[in-house]
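*Asks:* Starting from these lines, generate the structure:
(chains A and B)
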There are 2 protein chains.
Amino acid sequence: MKKLRRSGRLVDMTNFLLQNPHKLISLTHFSERYQSAKSSISEDLGIVKEIFEEQGIGSLLTIPGASGGVKYMPMVTVEQAKEYTTELNAQLSKADRLLPGGYLYMMDVLGQPRIMNNIGRLFAAVYGNVKIDAVMTVATKGIPLAYAVGSHLDVPVSIVRRDHRVTEGSMVSINYVSGSSKRIQTMSLARRSLSPGSNVLIIDDFMVAGGTVRGMMDLLAEFQANVVGIGVLVESEGEEERLVDNYISISKISSVDIREKEIKVEPGNYLSKLQERMKEEVK
Amino acid sequence: MKKLRRSGRLVDMTNFLLQNPHKLISLTHFSERYQSAKSSISEDLGIVKEIFEEQGIGSLLTIPGASGGVKYMPMVTVEQAKEYTTELNAQLSKADRLLPGGYLYMMDVLGQPRIMNNIGRLFAAVYGNVKIDAVMTVATKGIPLAYAVGSHLDVPVSIVRRDHRVTEGSMVSINYVSGSSKRIQTMSLARRSLSPGSNVLIIDDFMVAGGTVRGMMDLLAEFQANVVGIGVLVESEGEEERLVDNYISISKISSVDIREKEIKVEPGNYLSKLQERMKEEVK
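*Replies:* Numbering: from 1, shown residues only, chains lettered A, B, ... in the order given. The predicted structure follows:
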């Protein structure tokens, strides 16, 4: 790579860090990449850090010493988070997503990579200080958000299947009871898709009683894996008792009036968790 | 936003452009964001453009006039593309992904958001000058790559289902013949998930004879939609005649020897398409 001036280094460095979240990059790496002294690189990183933190792009952690370097961790400000979720809630409360039986059509929201990326970034910010080895979700609708989160945390994604496909090899299956329909269902995860003892963040698109999430937790127990967090895009209040605690939700559907075609949406519980996380960051 | 110096503007501007691919950003937007004269913003953008193009991050299209501005379009250099695919092919040729019946376990590759992002960026680069309204794929394994492509092109993703779910509302279904198994199968797409007349890029993870892609094309015809491109991660040579032309593949499995546990992988046909695309860009 040809020698760059500071202005050029700042552009390239910003791109490089954004493409490599949660990864320790040594000063030597940048120093060699730009054929510049480490002192200049340090100054560059100071500028990047200031802007990243002021604009709520992320925090830039500096690890001193010979094996040190910098690590970019995606963040969102409270304002950004509110902006993301206000947009989401406005979309969710549109009456035309009501389907027969009181179901909600969600694919228009889940089908927008931009929304998934924003919410994925929000979850990655909230869980940024937790050691996570993998994100897990259940096919099909949880997948877009799970990948967005995995991408911002730079960890792999494991997909639990409700069907049994020959092309996944040896699978571990469990039965679970769907909280809302009370039916016994099966979910399976390919044995090789998750290492035993992994720390796993569960992500799903929709939660009513939490039967599916509970099922994923039971499945993870079969892998001797640890559930380190649960994030759902939308929770909905049902008549059933909640089977899951300690989850973070972005939106909450508090009531659906089929007759009046009205969907009431309020913010989930994410805000207090984000604020807690930001306080830690300041320490 | 507080007034920033050039160095700060470059960092923030780089982030802003990277988060908003294929979107026209007016000079006024930046000028107001940074409380700086348009002449300074123009100079900033010149620096960003130079680095983006030199480093193969993307091209920065300048549209002159009152309604003009800049548009960032993700790109990859031939070197980067080769790097991505060499890594992918090395992983694909590992013998331990061979499953009974000659199937290949793919979720370890598809489960890595980083790989999906890289390949998604490559497809977005190749199809960057085509008018695309939506990316379409079939559940489950095509989803990660489809979202990566959709994200870099800033277009929504439509997911075709092989099962029929009540929560999707009115669906359009077709029968198709899977080329390899010769079985009649059904695929469905929610009517509201795609506007009639859309220009659609089909993305899938694996193609043998192309029966599934062919099915998606037939389904799109029901929506009066146009297929403007077909991208597959891996193609495999089967004994059947190909049902699809004009696709772009990243990797090609040329032979699988179950007895010797050997998988031969070679590059797909993407390189010539990328080079064609780059020549256009230079014009």
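*Asks:* Would you mind pulling up the elements that the lengthiest helix in chain A packs against?
*Replies:* Among the elements of chain A assigned as helix by DSSP state H, the one spanning the most residues is helix A:38-54. Other helices and strands packing on helix A:38-54, by 3 or more Cβ pairs under 8 Å, 6 or more residues apart in numbering or on different chains; DSSP states H and E, are helix A:6-19, helix A:27-33, strand A:58-63, strand A:69-74, helix B:6-19. From N, CA and C alone the C-beta is placed, and that goes for glycine too.
*Asks:* Could you list the paired strands of the following helix or strand past the first one along with their orientation?
*Replies:* This means helix A:6-19. Using DSSP states H and E, the helix or strand that follows helix A:6-19 in sequence is strand A:24-25. In the sheet containing strand A:24-25, the strands it pairs with under DSSP bridges are strand A:69-74 (antiparallel).
*Asks:* Do you have the helices of the stretch 151-283 of chain A handy? List them.
*Replies:* Counting by DSSP state H, counting those that start in this stretch, the stretch 151-283 of chain A has helices at residues A:211-222, A:270-282.
*Asks:* how about those helices in a markdown table, adding distance to A:Met171, mean pLDDT and mean neighbour count?
*Replies:* Conversion of these to a markdown table gives the following (distance: least, Cβ to Cβ, whole Å; pLDDT from 0 to 100; neighbours: other Cβ atoms under 10 Å in any protein chain shown):
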| stretch | distance to A:Met171 | mean pLDDT | mean neighbour count |
| --- | --- | --- | --- |
| helix A:211-222 | 10 | 96 | 21 |
| helix A:270-282 | 33 | 88 | 14 |
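*Asks:* ok, back up a step: tell me the mean pLDDT for the longest helix of chain A?
*Replies:* Rounded to a whole number, the mean pLDDT of helix A:38-54 is 96.
*Asks:* Quick one: distance of it to the chain centre.
*Replies:* Relative to its parent chain, helix A:38-54 has a centroid offset of 27 Å by Cα atoms, centre = their mean, to the nearest Å.
*Asks:* Buried residues of that helix, list them for me.
*Replies:* Across helix A:38-54, burial judged by 16 or more other Cβ atoms under 10 Å in any protein chain shown covers A:41, A:44-45, A:47-49, A:51-52.
*Asks:* In JSON lines: those, plus distance to A:Ser158.
*Replies:* Converted to JSON lines, those look like this (distance: Cβ to Cβ, whole Å):
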{"residue": "A:Ile41", "distance to A:Ser158": "37"}
{"residue": "A:Asp44", "distance to A:Ser158": "37"}
{"residue": "A:Leu45", "distance to A:Ser158": "34"}
{"residue": "A:Ile47", "distance to A:Ser158": "38"}
{"residue": "A:Val48", "distance to A:Ser158": "33"}
{"residue": "A:Lys49", "distance to A:Ser158": "33"}
{"residue": "A:Ile51", "distance to A:Ser158": "35"}
{"residue": "A:Phe52", "distance to A:Ser158": "30"}
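*Asks:* Closest to chain B out of those?
*Replies:* For these, the residue nearest chain B by Cβ to the nearest Cβ is A:Ile51; the value is 4.2 Å.
*Asks:* Nearest residue to the closest one in space, please, no chain neighbours.
*Replies:* Nearest non-adjacent residue to A:Ile51, counting by Cβ to Cβ, 6 or more residues apart in numbering or on different chains: B:Val11, 4.2 Å away.
*Asks:* which residues in the stretch 101-250 of chain A form strands?
*Replies:* Using DSSP state E, counting those that start in this stretch, the strands of the stretch 101-250 of chain A run over residues A:134-138, A:157-160, A:171-177, A:184-190, A:199-207, A:226-236, A:247-257.
*Asks:* Of all those strands, which one is nearest B:Ala139?
*Replies:* Among these, the nearest to B:Ala139 by Cβ to Cβ is strand A:157-160 (10.4 Å).
*Asks:* sorry, back to before: turn the helices of the stretch 151-283 of chain A into CSV, including distance to chain B.
*Replies:* Converted to CSV, those look like this (distance: least, Cβ to the nearest Cβ, whole Å):
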stretch, distance to chain B
helix A:211-222, 13
helix A:270-282, 19
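*Asks:* mind checking which of those is nearest A:Ala134?
*Replies:* When the helices of the stretch 151-283 of chain A are compared for distance to A:Ala134 using Cβ to Cβ, the nearest one is helix A:211-222, at 9.9 Å.
*Asks:* Just give me the neighbour total for the closest residue to A:Ser40 other than its chain neighbours.
*Replies:* Of all residues not flanking A:Ser40 in the chain, A:Arg6 sits nearest, at 7.3 Å (Cβ to Cβ, 6+ apart). A:Arg6 has 17 neighbouring residues, counting by other Cβ atoms under 10 Å in any protein chain shown.
*Asks:* do the same with the one 5 residues further on
*Replies:* By the criterion of other Cβ under 10 Å, A:Val11 has 26 neighbours.
*Asks:* which residues does it contact?
*Replies:* Taking Cβ atoms under 8 Å, 6 or more residues apart in numbering or on different chains as the criterion, A:Val11 is in contact with B:10-11, B:14, B:47-48, B:51-52.
*Asks:* residues contacting A:Asn15?
*Replies:* Contacts for A:Asn15 were tallied using Cβ under 8 Å, 6+ apart; they are B:14, B:18, B:52, B:55, B:57.
*Asks:* I'd like those residues laid out as TSV, including distance to A:Lys273.
*Replies:* Compiled in TSV, those are given as follows (distance: Cβ to Cβ, whole Å):
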residue	distance to A:Lys273
B:Thr14	29
B:Leu18	27
B:Phe52	36
B:Gln55	37
B:Ile57	34
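*Asks:* C-alpha coordinates for the longest helix of chain A, PDB please?
*Replies:* Once side chains and other backbone atoms are set aside, the C-alpha atoms of helix A:38-54 remain, and they are given as PDB (Å, rounded to 0.1, in the frame of the first residue of the first chain):
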ATOM      1  CA  LYS A  38       3.600   4.500  15.600                       C
ATOM      2  CA  SER A  39       3.500   8.000  17.100                       C
ATOM      3  CA  SER A  40       1.600   9.300  14.000                       C
ATOM      4  CA  ILE A  41      -0.700   6.200  14.100                       C
ATOM      5  CA  SER A  42      -1.500   6.900  17.800                       C
ATOM      6  CA  GLU A  43      -2.400  10.500  16.900                       C
ATOM      7  CA  ASP A  44      -4.600   9.300  14.000                       C
ATOM      8  CA  LEU A  45      -6.400   6.800  16.400                       C
ATOM      9  CA  GLY A  46      -6.900   9.600  18.900                       C
ATOM     10  CA  ILE A  47      -8.800  11.600  16.200                       C
ATOM     11  CA  VAL A  48     -10.800   8.500  15.200                       C
ATOM     12  CA  LYS A  49     -11.600   7.700  18.800                       C
ATOM     13  CA  GLU A  50     -12.900  11.200  19.500                       C
ATOM     14  CA  ILE A  51     -15.200  11.200  16.600                       C
ATOM     15  CA  PHE A  52     -16.400   7.700  17.100                       C
ATOM     16  CA  GLU A  53     -17.300   8.400  20.700                       C
ATOM     17  CA  GLU A  54     -18.800  11.900  20.100                       C
END
